[in-house]
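Turn this into a model:
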Amino acid sequence: MKTLHRRCAGLDVHSDSVVACARLTVKTKATHQVRRFSTATRDLLELADWLAAQGITHVGMEATGIYWKPIWHILEGRFELVLANAAHIRNVPGRKSDVNDAVWISDLLAHGLIRASFVPPAQIQNVRDLTRTRTQLAREVAQHIQRIQKTLENANIKLTSVISNIIGTSGRRILKAMIAGETNPVKLAELGSTRLKCHRAELTAALDGRVTAHYRFLIAHHLGLVEELERHITAFDAQIEELLAPLRDAVAQLIYHPRCEPSVGASHSGRDRRRYDAVSDIRASVVLGGPRAQARRERGQAAINARSKGGALVEARLSPMCLGRSTHQGYLLSGAVLPPQSSTRTQKGSHRSGSLAAHRRLPHVEDRHVPPRPRHRFSCQTRQGPHRYQAR
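Numbers count the residues shown, from 1 in each chain. You can find the predicted model right below:
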């Protein structure tokens, strides 16, 4: 097999150590030099110096949790780094060890058999960290609101039946009055805004319950956490806006894409993904849930579920941009967002007979002919000889 990189290295990354294998090719003979380093910063710098002394030009590593990131940051700029999906370079089962894994990665990298995963620049990585943390904070706010609703139901306060948002302006005034010890439903109903859709009598009846000191403590605790989390979310929004300031042109293109949140879209795109266009199928499987789920969606049997992949790429927000199979669609943010192409398939039939309705197809699914299944007609009323049923 042709050798593309004559001096390369493979790294088997763990939480406490990293095994490095330097593969050196002289004419047609390849030699391996293996060393183990700690993941402390001093040892990682020693690793970089050792690779440079060996004349290494390309370094490959697996995406092992988050343990690869410190190594990537130290080696970035000194070598050509390749981040591999562990599922794509899985070795043959048996006789598995750290040294064998490092040698295997170096051999694959030398022959160009590793498809590089997309690693955004440092600025986009920072935006990703902020948007993902903000998403988690918003989920925690929702959890505390649900606990407030549960506490009110235990106290037989039917506030959620008459007010859609119990932490809105009217809801917070009522909750804070309850925490202060007010139990008169009439006085509590007077705190509601005149713009509420419910009548004052309905609000008064909903607030007639038994709020004990225990329930007041729980409501005060959860409401205080909600307000604290909201202050943190506001701080995250300001920091995200500051980081996205140099990317206004890119964010402006994402704003015009349907159902695309600008900050989330920018954090999952980057400015240049040309070097990763050869792995568009990998990106599609990562975003849409793997090859089996993708095959089911092509047959119209499964909906997109992106929450299991980090919760940021929701449904098909970025499908025309990062899942396109053509070259001009794969260049993310390099031009205008392309609308989904219309389908040439017929609207009749179902996925069981081989045809698929145009409105159920994803824009990146290629048209291909699927032959219909053969249909057999059997009669359950005929019995002849050893055969129970006879085809007509």
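
Can you pull out the low-pLDDT segments for the protein?
The model of the chain has pLDDT under 70 over residues 91-95, 254-392.

per-domain residue ranges of it.
7-110, 123-243, 248-330 (automatic domain parsing).

Dump the ones you listed into a markdown table; add distance to S117 and mean neighbour count as well.
From N, CA and C alone the C-beta is placed, and that goes for glycine too. What follows is the domains of the chain, written out as a markdown table (distance: least, CB to CB, whole Å; neighbours: other CB atoms under 10 Å):
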| stretch | distance to S117 | mean neighbour count |
| --- | --- | --- |
| domain 7-110 | 5 | 17 |
| domain 123-243 | 13 | 16 |
| domain 248-330 | 7 | 17 |
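
can I get those domains in TSV with distance to M1?
Listed next are those as TSV, based on distance: least, CB to CB, whole Å:
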stretch	distance to M1
domain 7-110	9
domain 123-243	35
domain 248-330	19
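
Correct me if wrong, but F236 is in a strand.
No - using DSSP: H, G, I helix; E, B strand; the rest coil, the assignment for F236 is helix, not a strand.

Output the one helix or strand V103 maps to in PDB, but only the C-alpha positions, please.
According to DSSP states H and E, V103 maps onto helix 98-110. Output of helix 98-110 as PDB, limited to C-alpha atoms (Å, rounded to 0.1, in the frame of the first residue of the first chain):
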ATOM      1  CA  ASP A  98      -2.300   0.800  24.500                       C
ATOM      2  CA  VAL A  99       0.900   0.100  22.400                       C
ATOM      3  CA  ASN A 100      -1.000  -1.800  19.800                       C
ATOM      4  CA  ASP A 101      -3.600   1.000  19.500                       C
ATOM      5  CA  ALA A 102      -0.900   3.600  19.000                       C
ATOM      6  CA  VAL A 103       0.900   1.500  16.400                       C
ATOM      7  CA  TRP A 104      -2.400   0.900  14.600                       C
ATOM      8  CA  ILE A 105      -3.300   4.600  14.500                       C
ATOM      9  CA  SER A 106       0.200   5.500  13.100                       C
ATOM     10  CA  ASP A 107      -0.100   2.800  10.400                       C
ATOM     11  CA  LEU A 108      -3.500   4.100   9.300                       C
ATOM     12  CA  LEU A 109      -2.300   7.700   9.300                       C
ATOM     13  CA  ALA A 110       0.800   6.800   7.200                       C
END
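
Following it in sequence, what is the next regular element?
helix 122-154.

elements contacting that next one?
When contacts are defined as 3 or more CB pairs under 8 Å, 6 or more residues apart in numbering; DSSP states H and E, helix 122-154 sits against helix 159-162, helix 213-243, helix 262-267.

which stretches of the chain form strands?
Secondary structure of the chain (DSSP state E): strands at 7-13, 17-26, 29-38, 58-62, 80-84, 378-379, 390-391.

Just tell me which of those strands ends up closest to H232.
Closest approach to H232 among those is made by strand 80-84 (31.2 Å; CB to CB).

residues making contact with the closest one?
57-63, 68, 72, 75, 105, 108-109, 114-117, 119 (CB atoms under 8 Å, 6 or more residues apart in numbering).

same check, this time on stretch 7-18
With CB under 8 Å, 6+ apart, stretch 7-18 has contacts from 19-25, 36-39, 44, 47, 51, 54-62, 64-65, 67-68, 71, 98-99, 101-110.

Try it again at 7 Å.
19-24, 36-39, 47, 51, 54-62, 64, 67-68, 71, 98, 101-106, 109-110 (CB atoms under 7 Å, 6 or more residues apart in numbering).

Extract the C-alpha trace of that stretch and format it as PDB.
The C-alpha trace of stretch 7-18 is given here as PDB (Å, rounded to 0.1, in the frame of the first residue of the first chain):
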ATOM      1  CA  ARG A   7       7.100  10.400   9.300                       C
ATOM      2  CA  CYS A   8       3.900  10.400  11.300                       C
ATOM      3  CA  ALA A   9       2.800   9.400  14.800                       C
ATOM      4  CA  GLY A  10      -0.200   7.900  16.500                       C
ATOM      5  CA  LEU A  11      -1.400   8.800  20.000                       C
ATOM      6  CA  ASP A  12      -3.500   6.600  22.200                       C
ATOM      7  CA  VAL A  13      -5.000   9.100  24.700                       C
ATOM      8  CA  HIS A  14      -6.100   8.300  28.200                       C
ATOM      9  CA  SER A  15      -7.100  10.400  31.200                       C
ATOM     10  CA  ASP A  16      -3.700  10.000  33.000                       C
ATOM     11  CA  SER A  17      -1.300   8.900  30.200                       C
ATOM     12  CA  VAL A  18      -0.800   9.000  26.500                       C
END
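
quick one on the thing from earlier: which other helices and strands does the helix holding V103 contact?
With contacts taken as 3 or more CB pairs under 7 Å, 6 or more residues apart in numbering; DSSP states H and E, helix 98-110 sits against strand 7-13, strand 17-26, strand 29-38, strand 58-62.

what angle do that helix and strand 80-84 make?
110 degrees (axes from the mean of the first three to the mean of the last three CA atoms, to 10 degrees).

Not counting its own residues, what contacts helix 98-110?
So helix 98-110 is contacted by 3-5, 8-12, 19-21, 23, 25, 32, 34, 58, 60, 62, 82, 89, 91, 114 (CB under 7 Å, 6+ apart).

mind running it again at 8 Å?
Residues contacting helix 98-110 (CB under 8 Å, 6+ apart): 3-6, 8-12, 14, 17, 19-23, 25, 30, 32, 34, 36, 58-62, 82, 84, 89, 91, 114.

okay, the angle between it and strand 58-62?
130 degrees.

Just the angle for helix 98-110 relative to strand 7-13, thanks.
Using the same axes, to 10 degrees, helix 98-110 lies at 140 degrees relative to strand 7-13.

Make JSON lines out of the helices and strands packed on helix 98-110 and add distance to L159.
JSON lines is the format used below for those (distance: least, CB to CB, whole Å):
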{"stretch": "strand 7-13", "distance to L159": "52"}
{"stretch": "strand 17-26", "distance to L159": "56"}
{"stretch": "strand 29-38", "distance to L159": "57"}
{"stretch": "strand 58-62", "distance to L159": "52"}
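
which one of these lies closest to F217?
Where the helices and strands packed on helix 98-110 are weighed against each other on CB to CB, the nearest is strand 7-13, at 47.3 Å.
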